[in-house]
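>>> I would like the atomic coordinates for the input below:
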Amino acid sequence: MTMKLKYLPLCILLVGLAACSSKDKHENKQAVESQTQENTVSLDAINEKSAIIVSKDKLSADQSWQQAESKVLFPDPKIFYPKQRESLDFSETPNVVSDFSFIKDYERVKSLLNLNRDQIFVIGDKDRDTEENNVLLDLSTDEYFKYANNLAINYVRYLKSPNIQPKQEFEKTQDYDNRVKQAQRDAENNAIDYDVELLQKALNRSVEDISLALSNRAYHYDPDTEQLSLDLEQEDKNGSSVVVSKILFKVQPELAKLIIENLTLLKMGYVFNFNDNKLNFEGVFFYFNQISKANRSGDPVEMRANITPVFKPLEFKQKSVMHALPASPEITEKLEATPFKDVLKSPLWSFKFGLENYLSPEDLIKKYQKQQEQEQVVSEPEQESSAL
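Numbers count the residues shown, from 1 in each chain. Below is the predicted model of the structure:
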């Protein structure tokens, strides 16, 4: 599927283009006007309902979260059940009072990409709580899609769960019953369907952003074939997980020069096509934010998002090491022993979003309670032996 933004003039793609000629600027003005018209059409399409993956009527309310938090110690950090489900509501004011917050990045990039209704973009969340999970944007396995799928479904179940305070000492039974019924009605009314828009939010909130400034990186550009290769190595904020990417794509020399000159400023994002509850890989893009207006103290007042076209890679390979000891030789050793996988042929693309691949918190609780009971049985004889 061809991206609508592919042929935007270079002058509005990246910062550092003051050298554009007046002729370029005239062409840019026409292109911007044309793009504005496309945006109008796109907004009309956005107003249409997003494709539903799982109807809210097919999901039950979640009554197990407190039990999962208080009674079960999850030994596996990738339990596909994050702490902050309510953070999926992007309409709320972000906690970080800053124009650099994730919600601003998300909305700016979303408006510039001008995607079709059946397309999803992922830039990750730079404000994500590192204690929530340690999932990285690794497309060589389906772990990332599993996590996001569970996050979206659990979020709908969370919304369907009524928040009922215990009966008060001086509260009449009839008043309490009425309060319970009202809370149940409110929860049902607040619930939403698991649709493509919610999936996009879950995919973004599940992982950190891909910042080239924080990555070990290398590049090579061949102007004759117009092919740019990028080698990227991204660590999580704890330094215990690493994803290495090799990307080769075709790009004209002028834009390749701009990408390379701004390499330390860039962040990378992905675009996917949604069809039959599956995602297909469309391509990668690069973006960064520029302060367009600051106050007297130099703090940003207005930001401008700069974005490239979406590139369809000729080659895209990844490998990863997860849950290693931070800053240890173990990471390097494991990376060297791990072969690259072809992302374009990844099993990820056969993953089906919805209930088919859902791992419920109820099942997780049973799984880990049973595991803890078994570990306790094994440890008891050892304790008795040491006591003797």
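
>>> what is the spatially closest residue to Pro339 that is not a sequence neighbour paired to in the beta sheet?
Leaving aside its sequence neighbours, Pro339 sits nearest to Lys319 (Cβ to Cβ, 6 or more residues apart in numbering; 6.6 Å). For glycine as for every other residue, the C-beta is placed from the backbone atoms N, C-alpha and C. Taking DSSP bridges as the rule, Lys319 bridges to Val244.

>>> correct me, but Asn150 touches Leu355?
No: at 10.7 Å, Asn150 does not count as touching Leu355 under the criterion of Cβ atoms under 8 Å.

>>> ok, the two, which is more surrounded?
Counting neighbours by other Cβ atoms under 10 Å for Asn150 and for Leu355 shows that Asn150 has the greater number, 22 against 14.

>>> any idea of the pLDDT on the more buried one?
Looking at Asn150, its pLDDT stands at 87.

>>> so it versus Asp62, what's the distance?
In this view, Asn150 and Asp62 are 12 Å apart by Cβ to Cβ, to the nearest Å.

>>> how about Leu359?
13 Å.

>>> and for Leu151?
Distance, Leu151 to Asp62, by Cβ to Cβ: 12 Å.

>>> more neighbours, those two?
The neighbour comparison of Leu151 against Asp62 (other Cβ under 10 Å) goes to Leu151, with 26 against 21.

>>> count of residues packed around the closest residue to that one other than its chain neighbours?
Nearest residue to Leu151 in three dimensions, chain neighbours excluded: Ala202, at 4.4 Å (Cβ to Cβ, 6+ apart). Other residues within reach of Ala202, judged by other Cβ under 10 Å, total 24.

>>> pretty sure Ala202 is touching Tyr144, no?
No: contact criterion Cβ under 8 Å: Ala202 and Tyr144 do not qualify, at 10.5 Å.

>>> buried set for the longest strand along the chain?
As assigned by DSSP state E, the longest strand anywhere in the chain is strand 278-294. For strand 278-294, burial by neighbour count (16 or more other Cβ atoms under 10 Å) applies to 278-279, 281-289.

>>> same thing with stretch 192-207?
Going by 16+ other Cβ under 10 Å, stretch 192-207 has these buried residues: 193-207.

>>> now, which of those lie within helices?
Within the buried residues of stretch 192-207, residues falling in helices by DSSP state H are 196-205.

>>> so what touches stretch 245-256?
10, 13-14, 221, 223, 225-234, 259, 283-284, 308-309, 311-318, 340 (Cβ atoms under 8 Å, 6 or more residues apart in numbering).

>>> what's the pLDDT at Thr308?
93.

>>> and if you look at Lys181?
95.

>>> next, count neighbours for it.
Neighbourhood size, Lys181 [other Cβ under 10 Å]: 12.

>>> the chain should start at 32 in everything you say after this.
Renumbered: residue one is now 32, and that last one reads Lys212.

>>> tell me the contacts of it?
Counting by Cβ under 8 Å, 6+ apart, Lys212 makes contact with nothing.

>>> secondary structure element for it?
helix 204-221 (DSSP states H and E).

>>> list the buried residues in that helix.
Buried positions in helix 204-221, judged by neighbour count with 16+ other Cβ under 10 Å: 210, 218.

>>> alpha carbons of the helix or strand hosting Ile278, in PDB - could you do that?
Secondary structure assigned from DSSP H and E places Ile278 in strand 273-281. Listed next in PDB are the C-alpha coordinates belonging to strand 273-281 (Å, rounded to 0.1, in the frame of the first residue of the first chain):
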ATOM      1  CA  VAL A 273      19.200  -5.200  23.600                       C
ATOM      2  CA  VAL A 274      17.800  -5.200  20.100                       C
ATOM      3  CA  VAL A 275      20.100  -5.000  17.100                       C
ATOM      4  CA  SER A 276      18.700  -4.000  13.700                       C
ATOM      5  CA  LYS A 277      20.100  -4.000  10.200                       C
ATOM      6  CA  ILE A 278      18.000  -2.000   7.700                       C
ATOM      7  CA  LEU A 279      18.600  -1.400   4.000                       C
ATOM      8  CA  PHE A 280      16.300   0.900   2.000                       C
ATOM      9  CA  LYS A 281      16.300   3.000  -1.100                       C
END
